[in-house]
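Enquirer: Test case, fold it:
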Amino acid sequence: MAETEKQQRTRLAAGLLGCQAAEVQKRVKAMDQVQRQNLTEAVDWVADYEATETEAGGSR
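Expert: This next block holds a predicted model:
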């Protein structure tokens, strides 16, 4: 079964934050607005990168 967008974004946020997916919501709630925006932008960038790699067949 394919990963949903929400699952993907949670997985990516967990990786960027260095925590488990189950902890992401708690960590994000503890952030200020600027930190949340920075995390959102980072997750967007990595999600776009993953999508590009997938479309390219993952070859580099």
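Enquirer: Could you use CA atoms for every contact and neighbour count after this?
Expert: Noted.
Enquirer: Figure out how far stretch 49-59 is from the centre of its chain.
Expert: 16 Å (CA atoms, centre = their mean, to the nearest Å).
Enquirer: Residues in contact with it: which ones?
Expert: For stretch 49-59, contacts defined as CA atoms under 8 Å, 6 or more residues apart in numbering pick out no residues.
Enquirer: now swap in stretch 20-34 and tell me
Expert: 10-11, 13-14, 17, 36.
Enquirer: rerun that using 6 Å as the cut-off
Expert: 10-11, 14 (CA atoms under 6 Å, 6 or more residues apart in numbering).
Enquirer: Run a quick neighbour tally on the closest residue to A13 other than its chain neighbours.
Expert: Leaving aside its sequence neighbours, A13 sits nearest to V43 (CA to CA, 6 or more residues apart in numbering; 6.1 Å). Neighbours of V43 under the rule other CA atoms under 10 Å: 21.
Enquirer: Tell me which residue lies nearest the centroid of this structure.
Expert: L12 (2.7 Å; CA atoms, centre = their mean).
Enquirer: Now do the same contact list for it.
Expert: Residues near L12 by CA under 6 Å, 6+ apart: none.
Enquirer: Helix or strand: which one has it?
Expert: helix 5-17 (DSSP states H and E).
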